[in-house]
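1. Make a model of this:
(one chain, ligands or ions: 1)
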Amino acid sequence: MNQEANIPVTLSAQDTILQRRSVRGYLDKPVPQETLDAIFSLAQQAPSNCNIQPWKTYVASGATRDNIKKQLTDNVLADARMNPDFDFHDKFPGVYRTRQVDCAMALYNEMGVERKDKEARFSARLRNFELFDAPHACFIGMNRDFSINIALDVGMYIQTLMLAMTSFGVSSCAQGCLRYYPDLVRETFGISDEIGILVGISFGYEDKEIAANRTRTERASLEESVVFFD
Ligand SMILES: Cc1cc2nc3c(=O)[nH]c(=O)nc-3n(C[C@H](O)[C@H](O)[C@H](O)COP(=O)(O)O)c2cc1C
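-> As a prediction, this is how the structure comes out:
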């Protein structure tokens, strides 16, 4: 990305997919509004059941971002009760647990966090609620009455959005933990109670000096996930 000229680098679809990764440390440099407009317009192209486009997206920048970051961190420091709108108590048996631990260890290793060091782990977790110092965060919701079927559409949208960001040289990190305090998100943006908050995404320009950003994750082999039948 030529950030000054605000010109997106032309990336192939393959390169865009390969270049996207979770970034957990950002420069104090806002993304220009015209780039935000271009990114969020592109993401509108995501497919959905019957084209209902169920996603509702709220973008926090500037003072709104500062305010929401403070409220989130205050809540975590005060150990405030979490009240997510949607059930998030998924269990990760077997290989899923292995992958979850591998993912956490890849991050902690780069951050120099020992697995048994509870204080360091707490600080690492708190970084989520500090939005990894990103100048922007968006919160994505849908009508509370929608089921898992429609959450699939929102998932499509989220990846489309993150790939659109990548294509403009903007990094991101999807954060399930930004769903834990939906009331303050609704209050900040004046969102009606009908909308539940599914996820948040911190985004901006990567700070390459941040150790966490050296983290790389692996993927299972094709055979583990995909079966081809003739
Ligand atoms: C729905 C969703 C929720 C996530 N929640 C968090 C989170 O709360 N905190 C975090 O640091 N990363 C979070 N991640 C990022 C994943 O850990 C990351 O996508 C995964 O480890 C693969 O790494 P990569 O994104 O760099 O390819 C989330 C990703 C997704 C898709």
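2. Just the buried positions in whichever strand or helix holds Q159, please.
-> In the assignment (DSSP states H and E), Q159 maps to helix 148-167. Residues of helix 148-167 classed as buried by neighbour count (16 or more other Cβ atoms under 10 Å): 150-151, 153-158, 160-167. The C-beta positions use only the backbone N, C-alpha and C, and glycine is treated the same way.
3. Where does the prediction get shaky in this structure?
-> 1-9, 88 (pLDDT under 70).
4. Show me what from it comes close to the ligand.
-> Contact residues (Cβ under 6 Å from any ligand atom) of the chain with the ligand: R21, S22, R24, C103, N128, C173, A174, Q175, G176, C177, V199, T217.
5. Turn the residues you listed into TSV, including neighbour count and secondary structure.
-> Output for the residues of the chain next to the ligand, formatted as TSV (neighbours: other Cβ atoms under 10 Å; DSSP: H, G, I helix; E, B strand; the rest coil):
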residue	neighbour count	secondary structure
R21	15	coil
S22	20	strand
R24	25	coil
C103	14	helix
N128	20	helix
C173	24	strand
A174	17	strand
Q175	21	strand
G176	13	helix
C177	16	helix
V199	19	strand
T217	11	coil
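6. Give me the distance between the residue nearest to the spatial centre of the chain and R20.
-> For the chain, A174 is the residue whose C-alpha lies nearest the centre (Cα atoms, centre = their mean; 1.3 Å). Counting by Cβ to Cβ, to the nearest Å, the separation of A174 from R20 is 10 Å.
7. how about the helices in this structure?
-> Assigned by DSSP state H, the chain shows helices spanning 13-19, 33-43, 62-77, 94-111, 118-129, 148-167, 182-189, 222-225.
8. Kindly calculate the angle that the fifth one makes with helix 94-111.
-> Same thing as helix 118-129. Note on geometry: by axes from the mean of the first three to the mean of the last three Cα atoms, to 10 degrees, helix 118-129 and helix 94-111 are set 90 degrees apart in direction.
9. Looking at the residues of the chain next to the ligand, which one is closest to C138?
-> Closest approach between the residues of the chain next to the ligand and C138, by Cβ to Cβ: V199, at 9.2 Å.
10. Pretty sure the closest one sits against G176.
-> Yes. Using Cβ atoms under 8 Å as the test, V199 is close enough to G176 to be in contact (5.8 Å).
11. what pairs with the residue lying closest to F86 once chain neighbours are set aside across the strands?
-> Closest residue in space to F86, ignoring its immediate chain neighbours: G196 at 5.8 Å, by Cβ to Cβ, 6 or more residues apart in numbering. In this entry, G196 is beta-bridged to M142, by DSSP bridges.
12. Does G196 touch I140 like I think?
-> No. Judged on Cβ under 8 Å, G196 makes no contact with I140 at a distance of 10.2 Å.
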